[in-house]
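Asker: One predicted model, sequence on top.
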Amino acid sequence: MNLDLEEYKNTEEAKYQNTEKILVNKHYYLTKNYVPKNLENISTKYALSGMKLVKKAKESFEQMAKDAEKQDLTIVAMSSYRSYNYQVNLYNRYVKQDGKEKADTYSGRAGHSEHQTGLAIDVYNKETNYTNFEKTDEFKWMQKHAQDYGFILRFPKGKEKETGYQYESWHYRYVGVEIAKYIKNNNISFEEYYATKIKDW
Ligand SMILES: [Zn+2]
C-alpha cells in the first residue's frame, strides 16, 4: 500500500485513468491536464449549482439521493469534481490558514486530490454543517446503503495511516457496486483493495 513510503515522495502518475479503479492519493497523482471524460452536471435537486461528476457516478448519486428522499432524508452534494487549478488555490488557502502539516491531513495537494477524478463527492443534509455529517440520519442511511449505489466512505475511522487522511464522514468515492460492496463487507480501505485486488492485474 506504499505505507513504507514518505507522503508525497516517490510519487507516480495514477493508473486506470477514466475508470472506476483509479486510485488518487498522496502517492498517485493526476497531471494538470487531466480532466475526466463524460463530466455531467448533478441535478440541483441533489447538489449545489455547478456540481459535476462523471456520468456513471452522477447517475448513481442522483438515484441514491432520490431513494434517500423517499425516507425523508436530504443528501446534497456540496463539492464534487474539482480541477487541478481549483485545488491549487484551495490547498494554498488551507496552508495559509492552518500550516502545511495540518493542511496535509485534510486537503490534497494539487494533482493528489481525488476530487479531480470526477468520482468523489462531499455531501451534507442542508441543516447540519458537513463536519457534523456523522451525527445525521443521512449518514446512518448512507452507512447502510451507499455501497448498493457504488459509493464508499473513502476516509474511514481507523484507516488514517492507509488513506493518509483524517476521518471524513462526508467524503464518498464512486468505485462501482461490485468493488464498493467488497470494500464494505471486508471493512478495508480503497488503498488496501487496490494493493491486493487491482495493482497486479
Ligand atoms: Zn472531499
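Answerer: In hand now; what should we look at?

Asker: contacting residues for K15?
Answerer: When contacts are counted by Cβ atoms under 8 Å, 6 or more residues apart in numbering, K15 is found next to K21, I22, L23, Y28. Where C-beta positions appear, they are placed from N, C-alpha and C, glycine not excepted.

Asker: same thing but 10 Å
Answerer: Counting by Cβ atoms under 10 Å, 6 or more residues apart in numbering, K15 makes contact with K21, I22, L23, Y28, Y194, I198, K199.

Asker: Could you do E62 as well?
Answerer: E40, I42, S43, K45, Y46, A47, L53, A77, Y149.

Asker: And E138, by the same measure?
Answerer: 65, 68, 71, 73-76, 123-128, 170.

Asker: Give me the subset of those lying in strands.
Answerer: Of those, the ones assigned to strands by DSSP state E are V76, V123, Y124, W170.

Asker: Assess the claim that the last one and Y106 are in contact.
Answerer: It refers to W170. No - between W170 and Y106 there is no contact under Cβ atoms under 10 Å: 11.2 Å.

Asker: Neighbour count: these two, which is higher?
Answerer: W170 (24 against 14; other Cβ atoms under 10 Å).

Asker: how near is the more buried one to the ion?
Answerer: According to Cβ to the ion, to the nearest Å, W170 and the ion sit 7 Å apart.

Asker: Can you give me the pLDDT of that residue?
Answerer: pLDDT recorded at W170 is 98.

Asker: which residues touch it?
Answerer: By Cβ under 10 Å, 6+ apart, W170 lies in contact with 78-79, 121-125, 129-134, 136, 138-139, 142, 153-155.

Asker: What's the per-residue pLDDT of W201 here?
Answerer: For W201, pLDDT reads 49.

Asker: Please read the previous query as pertaining to K9.
Answerer: So, for K9, pLDDT stands at 83.

Asker: And the strands in this protein, which stretches?
Answerer: 12-13, 28-29, 39-41, 52-54, 76-79, 120-124, 151-155, 168-174.

Asker: Stretch 44-63 and the ion in contact?
Answerer: No - on the criterion Cβ under 5 Å from the ion, stretch 44-63 is out of touch with the ion, staying 12.1 Å away.

Asker: Give the buried residues for that stretch.
Answerer: Within stretch 44-63, the residues that qualify as buried are Y46, A47, M51, K52, L53, V54, K56, A57, K58, S60, F61, E62, counting by 16 or more other Cβ atoms under 10 Å.
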